[in-house]
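In: 3D model of this:
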Amino acid sequence: MGILNSVEYCIGRLLINQKGRDKGLFFKSPAFVSMPEPTFVVTSPDCGPSNSHMKEEYTGYGKDRFPELAWQKPSPDVAEYVLIIEDPDAPLPMPVTHGLFFAIPGDKTSITHDDISVHKLVGKEKHLKGGFRLGKNILGSVYGGPKPPLGHGVHRYYYTLVALKEPLDTSKMSALATKKEIAQAIEGKMIGWGQWVGLFERKWE
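Out: Down below sits the predicted model:
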């Protein structure tokens, strides 16, 4: 696989136990204290049920394709949704945010790869084709698929979808809203939440 991959593999094996930063995941924030478990099911027509292994095309080693997510509306009172994608198994102090989307219309029951393309800019705000807005992730891009280090074992990718009973007050957030800002903004507004988990491991071949 070449000398660079060999070095990456050795580093991945050395850091194999540097995983499980679950305490820093979005659904561990104070907004979820009264609702600690998911209340509705999120599936992926592309990749299968939660805890399915993702194919390479859905990763940073392939086409970086966003896995379609689907769900049933948990309540007629849903005003909008928030979606965050996180990896708690990266060898870093906190989970890595791969994607953050908010102001997702309450009548949506799926999100596709096409939905997350940038539709227009309003000042510094990025509005996406699916009718919602983009938040900040680690790459500074719209979305970054799984890209665990070679030899670091299986990583879990949490796609957490939160249903809100009223729209977020975006006037109190940055143009590219952060995970912390969103976590604070959803307090007292949650109706329910669901989650899909994708798995991926980059193996030595």
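In: when you work out contacts or count neighbours from here on, use the C-alpha atoms and nothing else.
Out: Will do.
In: centroid-nearest residue for the chain?
Out: Centroid check for the chain by Cα atoms, centre = their mean gives I85 as the closest residue, at 0.9 Å.
In: in the sheet, which residues pair with that one? Tell me.
Out: Listed by DSSP bridges, the beta-bridge partners for I85 are G99, Y159.
In: pretty sure P95 is one of the things it touches, is it not?
Out: No: in this structure, I85 is not within contact of P95 by Cα atoms under 8 Å, at 9.7 Å.
In: so what's the residue count around S34?
Out: Residues lying near S34 (other Cα atoms under 10 Å) number 9.
In: and if you look at the one 4 residues further on?
Out: Burial of P38 is recorded as 16 neighbouring residues (other Cα under 10 Å).
In: now swap in the one 4 residues further on and tell me
Out: Applying other Cα under 10 Å, we find 23 residues neighbouring V42.
In: what sits against it?
Out: The neighbourhood of V42, defined by Cα atoms under 8 Å, 6 or more residues apart in numbering, consists of S50, L69, A70, W71, L161, G194, Q195, W196.
In: please apply the same query to E125.
Out: Applying Cα under 8 Å, 6+ apart to E125 gives the contacts R133, L134, A175, L176.
In: same question for K63.
Out: When contacts are counted by Cα under 8 Å, 6+ apart, K63 touches E56, E57.
In: looking at the chain, which helix or strand does the model trust least?
Out: With mean pLDDT, DSSP states H and E as the measure, the helix or strand of the chain carrying the lowest mean pLDDT is helix 3-14 (a mean of 56).
In: just how off-centre is the helix or strand just after that helix within its chain?
Out: From helix 3-14 onward toward the C-terminus, using DSSP states H and E, the following helix or strand is strand 40-43. Averaging C-alpha coordinates over strand 40-43 and over its chain gives two centres that are 14 Å apart (Cα atoms, centre = their mean, to the nearest Å).
In: after strand 40-43, which helix or strand is next? Please name it.
Out: strand 52-53.
In: so what's the model's average confidence on that next one?
Out: When pLDDT is averaged over strand 52-53, the result is 97.
In: cool, and stretch 75-90?
Out: Across stretch 75-90, the per-residue pLDDT values average to 97.
In: quick one: buried residues of it?
Out: Of the residues in stretch 75-90, those buried under the neighbour-count criterion (16 or more other Cα atoms under 10 Å) are 78-90.
In: before we move on, back to that, restricted to strands, list the contacts of E125.
Out: R133, L134 (DSSP state E).
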